[in-house]
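A.B. asks: show me the folded form of this:
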Amino acid sequence: MLSELQRIGLNGDSRVQFVHAVAPESPGAWPSRGAHGCYMSHLKILRDAGSANESVLILEDDCDFTEAALSSKWGEGFDIFYGGFGATDFSNPHASNIQGSHCMGFSRKIVPQVVDFLTELAATESPPPIDGAYVRFRQENPSVLTDFAIPQVAIQRQSASDIAPGRFDRSRLLSLAVSVLRRLNRGRHRRRKMLEGMTQGSAVERQ
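C.D. replies: Residues are numbered from 1 along each chain as shown. Alright, predicted model coming up:
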């Protein structure tokens, strides 16, 4: 992440803070410890932002920036921002189920509302993963303004997942080999995702 921040001129920026992720002892009501930890880590950051009355951009540790991050600009007035995402319908992301939470922005105005929603949802019998929780929040609060970066400014790096580990990541020797292959494929993956984003549009869509 230090390398990625340096690529876009934010290494050493006083606005950047690293946060220790929540590491729960069990999956709880989630399908895995990773999904549980990811949800609670987002909630922890949002609670801190709410206490400070600040807007916040959450970057997960597998976030890679595309070249669009160096040139894209956004105005003000939106409540939630997706810097990178997967969608069931890229032509209409607002009505799609969105996958991915690796680059999420929240305005100071909306943070307390999101914190309350996630806190209540976490206490239910089967809370969704954090990306699904954000989709549900937007569905239940249609007046919330959401911006989607098109082309995307961030993609998820191809790496071992704590949320849904692949079968190759369970073996140490295979995991090392897969890690090398992922590193070699990283640049190609970044360029491919960038091209996909360019075909989805040339500007940020606003609801």
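A.B. asks: got any ranges where this protein has weak pLDDT?
C.D. replies: Residues of the chain meeting the criterion pLDDT under 70: 159-207.
A.B. asks: what about 90?
C.D. replies: The chain contains residues with pLDDT under 90 at 11-12, 70-77, 88-92, 94-97, 150, 157-207.
A.B. asks: which SSE is F117 in?
C.D. replies: Element membership for F117 (DSSP states H and E) is helix 111-122.
A.B. asks: C-alpha coordinates for that helix, PDB please?
C.D. replies: Extracted as PDB, the C-alpha positions of helix 111-122 are listed here (Å, rounded to 0.1, in the frame of the first residue of the first chain):
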ATOM      1  CA  VAL A 111     -21.100   8.600   8.100                       C
ATOM      2  CA  PRO A 112     -23.300   8.600  11.300                       C
ATOM      3  CA  GLN A 113     -26.200   7.100   9.300                       C
ATOM      4  CA  VAL A 114     -24.100   4.400   7.800                       C
ATOM      5  CA  VAL A 115     -22.600   3.600  11.200                       C
ATOM      6  CA  ASP A 116     -26.000   3.100  12.800                       C
ATOM      7  CA  PHE A 117     -27.200   1.000   9.900                       C
ATOM      8  CA  LEU A 118     -24.100  -1.300   9.900                       C
ATOM      9  CA  THR A 119     -24.300  -1.600  13.700                       C
ATOM     10  CA  GLU A 120     -27.900  -2.800  13.600                       C
ATOM     11  CA  LEU A 121     -27.300  -5.100  10.600                       C
ATOM     12  CA  ALA A 122     -24.300  -6.700  12.400                       C
END
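A.B. asks: in the helix or strand following it, which residues are buried?
C.D. replies: Per DSSP H and E, the first helix or strand lying C-terminal to helix 111-122 is helix 130-140. Neighbour-count burial for helix 130-140, counted by 16 or more other CB atoms under 10 Å, picks out I130, D131, G132, A133, Y134, V135, F137, R138. In this view, the C-beta of every residue, glycine as well, is placed from N, C-alpha and C.
A.B. asks: go on, stretch 116-123?
C.D. replies: Here stretch 116-123 shows F117, L118, L121, A122 as buried, counting by 16+ other CB under 10 Å.
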